[in-house]
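Peer 1: Starting from these lines, generate the structure:
(one chain, ligands or ions: 3)
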Amino acid sequence: MKMESVLIWRLLPLLTLIASTLIFFYAQNFNKLPLDKCSLLPYHHYWISSKRIVTPEGVVSGAVEIKEGKIVSIVKEDSKHGNFKQEVVDYGEAVVMPGLIDVHVHLDDPGRTEWEGFLSGTRAAAAGGITMLVDMPLNNDPSTVSKETLELKLEAIKKRIYVDVGFWGGLIPDNAFNTSALEGLLSAGVLGLKSFMCPSGINDFPMTNITHIKEGLSVLAKYRRPLLVHAEVQQDSENYLDSDDPRAYSTYLKTRSPLWEEAAIRELLKVTKDTRVGGPAQGAHLHVVHLSDSSSSLDLIKEAKTSGDSITVETCPHYLAFSADEIQDGDTRFKCSPPIRDAANKEKLWEALLEGHIDLLSSDHSPTLPELKLLSEGDFMKAWGGISSLQFVLPVTWSYGLKYGVTLDQLALWWSKKPAMLVGQESKGVIAVGNHADIVVWEPDVDFDLNDDYPVYLKHPSISAYMGRRLSGKVLATFVRGNLVYKEGNRAPAACGVPVLAK
Ligand SMILES: NC(=O)NC(NC(N)=O)C(=O)[O-]
Ligand SMILES: [Zn+2]
Ligand SMILES: [Zn+2]
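Peer 2: Numbers count the residues shown, from 1 in each chain. Ligands and ions are numbered 1, 2, ... in the order given. Modelled structure (predicted):
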């Protein structure tokens, strides 16, 4: 035998050992790809474990298996035996909950990015545990009222959204009777339409009357998508007198009574009866946005629900957190429409939410430039109306809900499951096998001061009504389709959110 072949035979066991070590190493690390730009976690297949995972079957201790952006299994503590083949991110006692879906957000992009924008807005959303938001069709310039203006939005979001984003299209007098224009907008993927029953404050977004709304609903019926309505109708009887102090919140409150909401809802119910089973607009759905009046307006909605109308209603954290008497003179950060009402109204809103008469929550994050909030002048009559809150809605709902005994399941229902249903997203809103791995991890017991040292990602923190408050419930991590997009003050290098378009 030649020397070389002897050497090969002698080396063979060593070569086999090296090869098998390499194969073993490769198999072990198959899921560890180089750090992906979309995620702060370098795995495509991994587990999240916690003692408190909020599932449709209640809060469980266990682990959620995530693979390629989806939830592929959920195991309870007693069946997991601690043997995981993949990486496990253990969150201990922190709460693992479905990511929030905020169905009412004004990001003002394109056209008014100096007010907010997709980059700052979705970064704030991610820091707040929001994994999907739906952008309103107004405050951006031009308003989203046609296929072409939706395309401007789709262009503007490219590489600029950290969470998933859907869009509402605007229903305005100009397109309400133009079925092909509305169908063009709906076919291009808006999740539904939105209209105003009072002036919106935006020139190219005029208000609609009930005839426009009826037309809109008949088109929406075919697409089985909702119409969202800002339900306030101006009441002539209430005028602001020159002798009233414009820096007093009570002056503003007086000019926008609960009758505005009641009158609008009364009108709306004339057409929502068409959405009943067998009705001419069956398939359409009406959603009342940002309800503030918890008296007659709410009673009317309850009655309509009982009669079988396809109708839902949202309220916002600012109506649940604040009452009119607490608002200081000149503090226009609190100006919004409909207005924040008295403490008794707030109590009734909580009651209705806890009893299920209010279906879901949304932020109605509607920022502007600090100059337009007139913070130094403090004129409630002239300041821009809109609350800036996007990043804080989870801790706010939790902090102010503690005294009402709000549970984790309720938070997940109001902020994730019901919103997902409204926007027709069957793969979002609950932690369940097959769904998108859209998850927020947060510490309900950790308190923090929302002061100047706190990392706020909103474009203009100074206009937020929540600055200066102490809140409970700190967001630790946010996962969007399996990507860890936010982790304790850090965000993923790239903005990999996707547009959510209706099909
Ligand atoms: N143009 C707006 O953003 N308006 C918003 N303003 C509020 N809510 O004060 C709204 O949703 O009605
Ligand atoms: Zn509104
Ligand atoms: Zn709004």
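Peer 1: Going by C-alpha atoms from here, please, whenever you check contacts or count neighbours.
Peer 2: OK.
Peer 1: Surely Leu185 is in a helix?
Peer 2: Yes. Leu185: assigned to a helix according to DSSP: H, G, I helix; E, B strand; the rest coil.
Peer 1: which residues sit in contact with it?
Peer 2: By Cα atoms under 8 Å, 6 or more residues apart in numbering, Leu185 lies in contact with 145-147, 150, 169.
Peer 1: Could you check the pLDDT of it?
Peer 2: Leu185 carries a pLDDT score of 98 in this model.
Peer 1: any idea how far it lies from Pro137?
Peer 2: 12 Å (Cα to Cα, to the nearest Å).
Peer 1: Now for the two: what residues contact both?
Peer 2: Here Leu185 and Pro137 have 145, 169 as joint contacts, going by Cα under 8 Å, 6+ apart.
Peer 1: Next to ligand 1, which bits of the stretch 1-150 of the chain? Give me the list.
Peer 2: Contacts of the stretch 1-150 of the chain with ligand 1, taken as Cα under 6 Å from any ligand atom, map to Asn139.
Peer 1: of all of the stretch 1-150 of the chain, which residue lies closest to ligand 1?
Peer 2: Here the stretch 1-150 of the chain gets closest to ligand 1 at one residue, Asn139, 5.8 Å apart by Cα to the nearest ligand atom.
Peer 1: And for that residue, nearest residue in space, chain neighbours not counted?
Peer 2: Closest residue to Asn139 apart from its sequence neighbours, by Cα to Cα, 6 or more residues apart in numbering: Asp108 at 4.9 Å.
Peer 1: What strand or helix carries that neighbour?
Peer 2: Remark: Asp108 resides in no helix or strand, with elements defined by DSSP states H and E.
Peer 1: What number of residues are in the vicinity of it?
Peer 2: Neighbours of Asp108 under the rule other Cα atoms under 10 Å: 27.
Peer 1: thinking again about what came up before, show the contacting residues for the residue of the stretch 1-150 of the chain closest to ligand 1.
Peer 2: Taking Cα under 8 Å, 6+ apart, we find Asn139 in contact with 106-109, 112, 202.
Peer 1: Same check on His365?
Peer 2: Here His365 is in contact with 104-106, 386-390 (criterion: Cα under 8 Å, 6+ apart).
Peer 1: what bridges to it?
Peer 2: Under DSSP bridges, the beta-bridge partners of His365 are Val105, Ile387.
Peer 1: Likewise for Tyr43?
Peer 2: Residues in beta-bridge contact with Tyr43 (DSSP bridges): Lys32.
Peer 1: Taking the contacts of Leu185, tell me the two that lie furthest apart.
Peer 2: The span of the contacts of Leu185, defined through Cα to Cα, is set by Lys147 and Gly169 at 8.9 Å.
Peer 1: what sits in contact with each of those two?
Peer 2: Here Lys147 and Gly169 have 185-186 as joint contacts, going by Cα under 8 Å, 6+ apart.
Peer 1: So these two - more neighbours on which side?
Peer 2: Just comparing Lys147 and Gly169: by other Cα under 10 Å the higher neighbour count belongs to Gly169, 29 against 19.
Peer 1: can you tell me which residues contact the spatially closest residue to that one that is not a sequence neighbour?
Peer 2: Closest residue to Gly169 apart from its sequence neighbours, by Cα to Cα, 6+ apart: Leu193 at 4.7 Å. By Cα under 8 Å, 6+ apart, the contact list for Leu193 reads 168-171, 225-228.
Peer 1: any idea of the pLDDT on Thr16?
Peer 2: The model's pLDDT for Thr16 equals 66.
Peer 1: and if you look at Thr179?
Peer 2: Confidence score, pLDDT, at Thr179: 98.
Peer 1: how many neighbours does the closest residue to it other than its chain neighbours have?
Peer 2: Once flanking residues are discounted, Thr179 sits nearest to Val219: 7.0 Å by Cα to Cα, 6+ apart. Residues lying near Val219 (other Cα under 10 Å) number 22.
Peer 1: And for the one 3 residues further on?
Peer 2: Using other Cα under 10 Å as the criterion, Lys222 is surrounded by 13 other residues.
Peer 1: would you say it is within a strand?
Peer 2: No. Read with three-state DSSP, Lys222 is helix and lies in no strand.
Peer 1: any idea how far the residue nearest the centre of the chain lies from Leu372?
Peer 2: In the chain, the C-alpha nearest the mean C-alpha coordinate belongs to Asp102, at 1.1 Å (Cα atoms, centre = their mean). Using Cα to Cα, Asp102 is found at 25 Å from Leu372.
Peer 1: about what we covered before: which pLDDT does the model give the residue of the stretch 1-150 of the chain closest to ligand 1?
Peer 2: Looking at Asn139, its pLDDT stands at 98.
Peer 1: tell me which element it falls in.
Peer 2: Applying DSSP H and E as the criterion places Asn139 outside every helix and strand.
Peer 1: For it, give me phi and psi.
Peer 2: Dihedral pair for Asn139: phi 90, psi -20, per degrees, to the nearest 10.
Peer 1: Show the contacting residues for the residue in the stretch 51-200 of the chain that ligand 1 sits nearest to.
Peer 2: At 5.0 Å from ligand 1, Ser200 is the closest residue in the stretch 51-200 of the chain, using Cα to the nearest ligand atom. Contacts for Ser200 (Cα under 8 Å, 6+ apart) come out as 206-207.
Peer 1: can you rerun that using 10 Å?
Peer 2: 138-139, 206-207, 230, 337, 385 (Cα atoms under 10 Å, 6 or more residues apart in numbering).
Peer 1: repeat for Glu347
Peer 2: Counting by Cα under 10 Å, 6+ apart, Glu347 touches 294, 319-321, 323, 353, 404.
Peer 1: can you check Asp445 too?
Peer 2: Contacts were defined as Cα under 10 Å, 6+ apart; by that measure Asp445 touches 94, 399, 471-474.
Peer 1: cool, Ala231 as well?
Peer 2: Listed by Cα under 10 Å, 6+ apart, the contact set of Ala231 reads 195-198, 260-268, 287-291, 297, 337-338.
Peer 1: at 8 Å instead, please
Peer 2: Going by Cα under 8 Å, 6+ apart, Ala231 touches 196-198, 260-261, 264-265, 288-289, 291.
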